[in-house]
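Engineer: Prediction below, plus the sequence it came from.
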Amino acid sequence: MRFNLATILRWAVYAAAFIPLVIFSQYISPFHFGKVVVFRSLVELMLPLYLLLIWQDRSYMPRMSPVSWGILSFALAFTLATITSVESFFSFWGTLERMGGLFTFWHYVVFYFIMTSVLKTPEHWRRFIDCVLVAGVLSAIYGFGQKTDIGFFVGSGGRERIFGTIGNAALFAGYEIVISFLALTCLVQERLPGRKRFLQVVSVLGILAVIMTVVRGSLMGLGIGLTVFAVLHWLKFRTKTGKRTLIVLGSAAIILLIFVLTPLQNSGLVKNSRFLSRLTDTSFNTFTVKTRFWTWQSGLEGWKENPKTVLVGWGPEDFNVPFSKHFNPNIYTGPGSETFFDRAHNMFVEVLVTMGVVGLAAYVSIFVAIGITLWRLWKSGDEYSTYAIGLASLFIAYIIHNSFIFDTSANFIAFFSVAGFVSFLYLRNQPLPLNTRRNAGGLSKVLALAGVMAAVILVYSVNVVPAKANYSTTRAILLGWANDFSGAIAKFKESVAYDVPGKYEYRHRLAQFLLEYTNNSKPVTPEVKEVILFTINEVKKNISESGQDYLPHLYASRLYVTLGKDDPNSPYNDLALEQAQAALNISPNFVRTQYEFAQVYLNRKDYARAVEYFKKAVELNPRVGVSYWYLGFTEKERGNYAESAKIVEKAFENGYAPSKNDFGFLVELYSRLNDKPKIVRTYEWLVVAEPKNAQFFASLAAAYAQVGRIDDALNAARKAVVIDPAFIKEAQAFARSLGREL
C-alpha cells in the first residue's frame with residue numbers, strides 16, 4: 001500500500017504539469033475556469049491519499065527548506081488578509097474571471113508540499129520537469145496555431161499577438177519564460193544527446209513564443225534573463241560559446257536601442273510592422289502605459305488609507321475596492337473603456353495593496369529564499385551547482401515580468417513547480433527521514449476509502465456544481481444571441497439558482513443581457529418587466545454581498561431607468577437615483593455614474609438637471625467625446641440649438657464618431673440653425689457609413705446644391721442612380737433644376 005500510494009501521488013504530480021493545456025471553450029473564462037477546477041479536483045483527491053501515506057510512513061512528511069518556509073509564510077499572510085478582508089467572499093473564493101482567492105491558493109501550497117515530499121530522487125524530478133517542458137512546448141505550438149485560420153485553435157485567425165492555451169498574451173509570456181529558462185537550466189548540465197536536443201528545441205520554441213506575444217515587460221524580462229544566463233555561463237565555463245552569446249545579445253540590445261532612440265523609430269520599416277512599432281514604443285505617453293501608472297496610483301492611494309490597510313491590505317481579490325474608491329477619471333475614454341481593474345497588473349503592487357506590508361514581506365521572502373539557495377548552490381561547486389545559472393536567470397526574468405502583470409493558474413503551477421525543484425536542490429545533501437512505517441492492515445483501507453469519498457463529495461460541491469452553473473450561463477448567452485428570450489432567461493435563472501461562487505458574475509450577465517435586449521428598441525412588455533424586476537432582486541443580492549462595490553448599484557440603476565423610461569412620474573426613476581447615489585458614494589470620480597443620474601432626469605424630461613450631470617462628467621474628464629455628445633444632445637432638447645452645436649463640435653474634436661443613429665439628430669440641429677455646410681458634412685459622413693443607401697446620396701446631392709457645389713451635387717445624384725435606378729427621373733429633374741444634364 002505504501003509503495004502504491006507514493007507511486008499514485010507521483011503520477012498525479014506528473015499529470016498536474018499538463019493542466020496549463022486545459023481549455024473549457026464552452027465556459028465563461030475558458031482559459032482559467034477549466035484549469036482551476038481540474039487542478040483543485042486533482043489536489044483534493046491527492047490530499048487524503050497523501051495524509052494516509054504519511055500516516056503509514058513518516059519518511060514522506062514534508063521536508064522544510066527556506067523556500068518552503070517562504071511559501072508557507074505567504075500562505076499564512078494570504079489567510080490573515082482574507083480574514084481581515086473588506087470583501088471576504090471574493091477573498092476566499094476569488095472571481096470567476098481569474099479563479100483566485102484563498103481557497104484556490106491553498107491548493108497550490110498543498111500541491112507544492114505533496115510534490116516536494118513524493119518526488120525524492122533526481123530521476124523523479126527529471127521526469128516531472130520533462131512533463132512541465134512538454135506541456136510548455138504544446139502550449140507554444142498551440143499559440144503558433146493562432147497565427148493561422150485553423151478553427152481547432154481557440155483564438156486563431158491570423159492573431160497578431162498569440163496567447164497559447166493561457167488566454168492572455170502577457171500571462172502566456174510569463175508561462176513560457178518559465179518554460180524557456182527551465183529548459184536552459186537543464187541544458188547546461190545535460191550530457192545525453194537526445195535529451196539535449198529536446199531541451200534545445202524547448203528553449204528555442206519558448207523564447208520564440210514570448211517574442212510573438214509582443215509583451216514589452218515580458219520581452220524586457222526575457223532579454224535581461226538571457227543576458228544574466230550568458231554572463232553566469234561564461235563566468236562558470238569561460239567557453240567561446242558563452243562569449244559569442246554575450247556578443248549576440250549585446251548587439252541585439254544595441255540595435256534595439258538604435259531603433260528606440262534615433263529617428264529610425266519613425267522609419268517606414270518600423271511603422272509598417274505592428275511588431276516593430278509596438279516593440280520600439282517605449283513612450284510613457286502611450287495610453288496603456290499611463291493606464292498602468294494610474295491604476296497603481298489608485299491602488300497605492302487606497303493602501304495608505306489607514307493603519308489596517310497598510311498592515312494587512314484590503315483583502316486578496318479586492319484590488320477593485322481601493323481602485324474604485326480612488327478611480328482616476330482619465331482612464332475612462334468612452335463606452336467600451338476598460339474601467340474595472342480587479343488586479344494591479346504588477347504582482348508586487350497587487351500584494352502590497354491587497355495584503356499589506358505583511359503580505360508583501362512574505363511574498364518577497366520567497367524570492368529571497370530562492371536567491372539565498374541559488375547563491376549557496378553556485379558557491380558549492382558540486383555537480384548540481386550549474387543549475388544555479390538557469391534558475392537565477394529564470395527568477396530574475398520572472399520578477400521583471402511580474403512587475404507588469406500578475407499570476408493566475410497556469411503561472412502558479414509553473415512557479416510552484418520550479419520553486420519545488422529549488423527546494424529539492426537545497427535539501428539534496430540532507431539525509432532522508434527514517435522510515436517509520438505503521439502496519440495498520442485493514443484500517444488503512446477504511447481510512448483510504450473514507451478519505452477518497454470525502455474528497456469526491458468536496459470535488460462535486462466546489463468544482464462540479466460551479467461548472468454546471470457556468471455552463472448554464474453560456475447556454476443562456478447563446479440562446480440570447482439566437483433571439484430566444486424566454487429560453488435565455490430560463491437558463492439564466494438556472495445558473496443563478498445554483499448559488500455558487502461565480503454567482504456575482506452570473507447575476508451581472510443576466511443584467512447585461514436585459515439591458516442589451518431593451519436597448520435595441522425592444523418594448524418593455526409585462527413579461528420583460530417581470531424579468532427585469534427578478535433581475536433587480538438578483539443584482540441586489542450582489543449589493544448586499546459586496547458592500548464596497550459600485551458596479552451592482554450601476555446595474556440596478558440602469559434597470560430601474562429602463563422601467564421608468566416611458567413615464568416621467570414613475571417611482572422607478574426615484575429608485576434609479578438612489579442606486580446611482582450609492583454608486584457615487586463608493587466611487588466619486590467614476591464618470592459613467594454621472595450618466596446614470598442624467599438619464600433619470602432625461603426620463604423625467606428635466607433637461608436642466610440632466611445637463612448639470614453631463615457637465616459634471618465633462619469636468620471629470622474633458623477629453624471624453626461621448627460626454628460632450630450627451631451634453632449637446634440634451635441642450636438641443638432644451639431648445640438651445642446654438643449651444644448644442646458648439647458642444648457637439650467639441651465632441652468631434654475629442655474623438656466622438658457619430659453612428660448612423662446620430663445623423664438624424666445632426667441634420668435636425670443644423671437645419672434649425674440653417675448651417676448648410678454642417679448639413680453637407682453630416683450627409684458626407686452618412687454616405688460613408690451607409691454607402692449602399694441611394695436616398696442618402698440623393699439628400700447629399702440636395703445639400704451640395706444648397707451650398708453651390710454643383711459638380712459634387714451631380715456626382716452624388718449619379719451615385720444614387722447607380723445604387724437604385726428608380727431614382728433616374730428624380731435625378732434628371734434635379735440636374736435640370738441646376739441647369740445641367742445628368
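Structural biologist: Sure, I can see it.
Engineer: other SSEs contacting the helix or strand containing Leu5?
Structural biologist: For Leu5, the host element (DSSP states H and E) is helix 2-16. Counting contacts by 3 or more CB pairs under 8 Å, 6 or more residues apart in numbering; DSSP states H and E, helix 2-16 is packed against helix 33-56, helix 102-118, helix 122-145. Heads up, the C-betas are built off the backbone N, CA and C, glycines and all.
Engineer: As CSV, these with distance to Leu184 and mean neighbour count would be great.
Structural biologist: Shown next, in CSV, are those (distance: least, CB to CB, whole Å; neighbours: other CB atoms under 10 Å):
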stretch, distance to Leu184, mean neighbour count
helix 33-56, 25, 21
helix 102-118, 22, 22
helix 122-145, 11, 19
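Engineer: And those helices: which comes nearest Glu643?
Structural biologist: Ranking the helices and strands packed on helix 2-16 by proximity to Glu643 (CB to CB) places helix 33-56 first, at 50.3 Å.
Engineer: chain center to the closest one: distance?
Structural biologist: Remark: helix 33-56 is offset 28 Å from the chain centroid, using CA atoms, centre = their mean, to the nearest Å.
Engineer: Let's have the helices and strands packed on helix 2-16 in a markdown table, adding mean pLDDT and distance to Ala617.
Structural biologist: Output for these, formatted as a markdown table (pLDDT from 0 to 100; distance: least, CB to CB, whole Å):
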| stretch | mean pLDDT | distance to Ala617 |
| --- | --- | --- |
| helix 33-56 | 94 | 35 |
| helix 102-118 | 97 | 38 |
| helix 122-145 | 96 | 41 |
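Engineer: Tell me which of those sits nearest to Ser444.
Structural biologist: Between Ser444 and the helices and strands packed on helix 2-16, the shortest separation by CB to CB is 6.2 Å, and it involves helix 33-56.
Engineer: domain assignment for this structure?
Structural biologist: Domain segmentation of the chain under automatic domain parsing yields 2-426, 658-742.
Engineer: if we can go back for a sec, mind checking which of the helices and strands packed on helix 2-16 is nearest Tyr426?
Structural biologist: Taking CB to CB, helix 102-118 is the member of the helices and strands packed on helix 2-16 nearest to Tyr426, at 10.2 Å.
Engineer: Which strands and helices lie in contact with the closest one?
Structural biologist: Helices and strands touching helix 102-118, as assessed by 3+ CB pairs under 8 Å, 6+ apart, comprise helix 2-16, helix 33-56, helix 66-83, helix 88-93, helix 409-426.
Engineer: That one versus helix 122-145: what angle between them?
Structural biologist: 130 degrees (axes from the mean of the first three to the mean of the last three CA atoms, to 10 degrees).
Engineer: Using CSV, write out every CA atom in helix 102-118.
Structural biologist: In CSV, the C-alpha atoms belonging to helix 102-118 read as follows (Å, rounded to 0.1, in the frame of the first residue of the first chain):
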residue,chain,number,x,y,z
LEU,A,102,-7.6,31.8,-0.6
PHE,A,103,-9.4,28.5,-1.3
THR,A,104,-7.6,28.0,-4.6
PHE,A,105,-4.3,29.4,-3.4
TRP,A,106,-4.1,26.8,-0.6
HIS,A,107,-4.4,24.1,-3.3
TYR,A,108,-1.2,25.4,-4.9
VAL,A,109,0.5,25.2,-1.5
VAL,A,110,-0.8,21.7,-0.8
PHE,A,111,0.4,20.6,-4.2
TYR,A,112,3.8,22.1,-3.5
PHE,A,113,4.2,20.1,-0.3
ILE,A,114,2.9,16.9,-1.8
MET,A,115,5.2,17.4,-4.8
THR,A,116,8.3,18.0,-2.7
SER,A,117,7.5,15.1,-0.5
VAL,A,118,6.9,12.4,-3.1
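Engineer: so how many other residues sit close to Asn542?
Structural biologist: Asn542 has 21 neighbours, counted by other CB atoms under 10 Å.
Engineer: That one belongs to a helix?
Structural biologist: Yes - the assignment for Asn542 is a helix, going by DSSP: H, G, I helix; E, B strand; the rest coil.
Engineer: Now do it against Tyr142, distance only.
Structural biologist: Separation of Asn542 from Tyr142 (CB to CB, to the nearest Å): 35 Å.
Engineer: wait, what's in contact with the most centrally placed residue in the chain?
Structural biologist: The chain has Asn168 as the residue nearest its centroid, 6.9 Å off, counting by CA atoms, centre = their mean. Neighbouring residues of Asn168 by CB atoms under 8 Å, 6 or more residues apart in numbering: Phe31.
Engineer: Okay, buried residues for the helix holding Leu5 please.
Structural biologist: With burial defined by 16 or more other CB atoms under 10 Å, the residues of helix 2-16 counted as buried are 2, 5-6, 8-10, 12-14, 16.
Engineer: Can you name the residues in contact with it?
Structural biologist: Against helix 2-16 from outside (CB under 8 Å, 6+ apart): 39, 42-43, 45-46, 49-50, 52-53, 56-57, 60, 111, 114-115, 118-119, 124, 127-128, 131, 413, 437.
Engineer: and it, how far out from the chain's middle?
Structural biologist: Centroid separation for helix 2-16 versus its chain: 34 Å, with CA atoms, centre = their mean.
Engineer: can you tell me the helix or strand for the nearest residue to Arg709 once chain neighbours are set aside?
Structural biologist: Nearest non-adjacent residue to Arg709, counting by CB to CB, 6 or more residues apart in numbering: Val680, 7.5 Å away. Val680 is part of helix 676-689 when elements are defined by DSSP H and E.
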